[in-house]
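J.: requesting a structural model of the entry that follows:
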Amino acid sequence: MMRKGSVAIALVLSIIGLTACAKREESASTPASAPEPAKPAYTPGEMVLIPAGEFLFGSNDKETTAYPQQKVNLPAFWIDKYEVTNSEFLDFGIKANYASEGNFRLFVSPDKVKNPVVNVTWNDAEAYCKGNGKRLLTEQELEKAGRGTDGRRYPWGEKWDPRLSNTYEASLRGPTEVGRYEDVGPYGVHDMLGNAQEWTSNWYKAYKGNNKKDENFGERFRVLRGARWDVYGSKAHIWDRSAAFPKALYSYGFRCGKDATPEEAAKAGKSN
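T.: All right, here's what the predicted structure looks like:
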């Protein structure tokens, strides 16, 4: 271009100048779009207070072990806002000198410290909760935290949305960072449907009013709640329950809870 002389250079500079002017005019006439609000920062050990009261528990489907649907009145309780992460469980093991029964370390790497810990046994989950002054949650507590009081099917409502949860439809093929998806129940608790399946304190027994015989009922299996990354969320419900031997190892994680004091319960009732 330089070889063709100053006329060509002047022409190029003229075009550049006109383009710059056009961009300035465009930016002046078009207001800047507001930045998207940042997601709240993940805080390890953060808990949510669930108010006392009645909620719909279980299902009217007689073919499921969640039958029958019934109204249950629970006292106020605290629940971990997020599933316990690899980082939190590793830290507990070091400080408490706890040797895990599970092989969770095989699934831990620097890029997965905020993923839910998995491949831990029921005893591991119970030990962690007790070591942190908490306890394992009941399946009723987990269901209320995810379902609320309106009997919804999913934590966010009645309609399935594949963008909201780490289930099979997300195609991640494994757990992901807690709080990454908008899989949030009515009280603000995260990952209530997908990501990791969660141990509860309950034995796998029939609900009150269910007279169906099942050889698996009894005190052999512990109840697990939630779907997980390899389960079709579109076919799941927040009231679904499954079970496993207490020493089973798979994509089983957990979160903890604790009882609310009378003062905390009263405060929760006023704000509800």
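J.: would you map the strands across this protein?
T.: Remark: strands assigned in the chain by DSSP state E are 47-50, 53-57, 70-74, 77-80, 135-136, 197-203, 222-225, 241-244, 252-253, 256-259.
J.: give me the sheet partners of the fifth one and which way each runs.
T.: This means strand 135-136. Strand 135-136 pairs in its sheet with strand 256-259 (antiparallel), by DSSP bridges.
J.: and the strand it pairs with, which residues are buried?
T.: Under the neighbour-count criterion of 16 or more other C-beta atoms under 10 Å, strand 256-259 has C256, G257, K258 buried. Using the backbone N, CA and C atoms, a C-beta is placed for each residue, glycine as well.
J.: dump the residues you listed to TSV, plus distance to P51 and pLDDT.
T.: Below are those laid out as TSV (distance: C-beta to C-beta, whole Å; pLDDT from 0 to 100):
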residue	distance to P51	pLDDT
C256	19	98
G257	14	98
K258	15	98
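J.: which one of those is nearest to L74?
T.: Distances from L74 to the buried residues of strand 256-259, taken as C-beta to C-beta, are shortest for G257 (11.0 Å).
J.: measure stretch 189-207 end to end?
T.: 25 Å (C-alpha to C-alpha, to the nearest Å).
J.: pLDDT on that stretch, on average?
T.: The average pLDDT within stretch 189-207 is 98.
J.: same thing with stretch 72-91?
T.: In this model, stretch 72-91 carries a mean pLDDT of 98.
J.: alpha carbons of that stretch, as CSV, please.
T.: C-alpha atoms of stretch 72-91 as CSV (Å, rounded to 0.1, in the frame of the first residue of the first chain):
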residue,chain,number,x,y,z
VAL,A,72,-46.2,-33.9,58.1
ASN,A,73,-45.5,-31.2,60.6
LEU,A,74,-41.8,-30.7,61.3
PRO,A,75,-40.1,-28.5,63.9
ALA,A,76,-37.7,-25.8,62.6
PHE,A,77,-34.3,-27.0,61.6
TRP,A,78,-31.1,-25.9,60.0
ILE,A,79,-29.8,-27.4,56.7
ASP,A,80,-26.5,-27.0,54.9
LYS,A,81,-27.1,-24.6,51.9
TYR,A,82,-24.8,-26.7,49.8
GLU,A,83,-23.7,-30.3,49.6
VAL,A,84,-20.5,-31.0,51.6
THR,A,85,-17.6,-30.5,49.2
ASN,A,86,-14.3,-32.4,48.6
SER,A,87,-12.4,-29.5,50.2
GLU,A,88,-14.6,-29.6,53.3
PHE,A,89,-14.3,-33.4,53.7
LEU,A,90,-10.6,-33.4,53.2
ASP,A,91,-10.2,-30.6,55.8
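J.: in it, what counts as buried?
T.: Applying a neighbour-count criterion of 16+ other C-beta under 10 Å, one finds 72, 74, 76-86, 88-90 buried in stretch 72-91.
J.: could you measure from E101 over to T121?
T.: 4 Å (C-beta to C-beta, to the nearest Å).
J.: over to P75?
T.: Distance, P75 to T121, using C-beta to C-beta: 28 Å.
J.: one more: Q140?
T.: For Q140 relative to T121 (C-beta to C-beta), the value is 22 Å.
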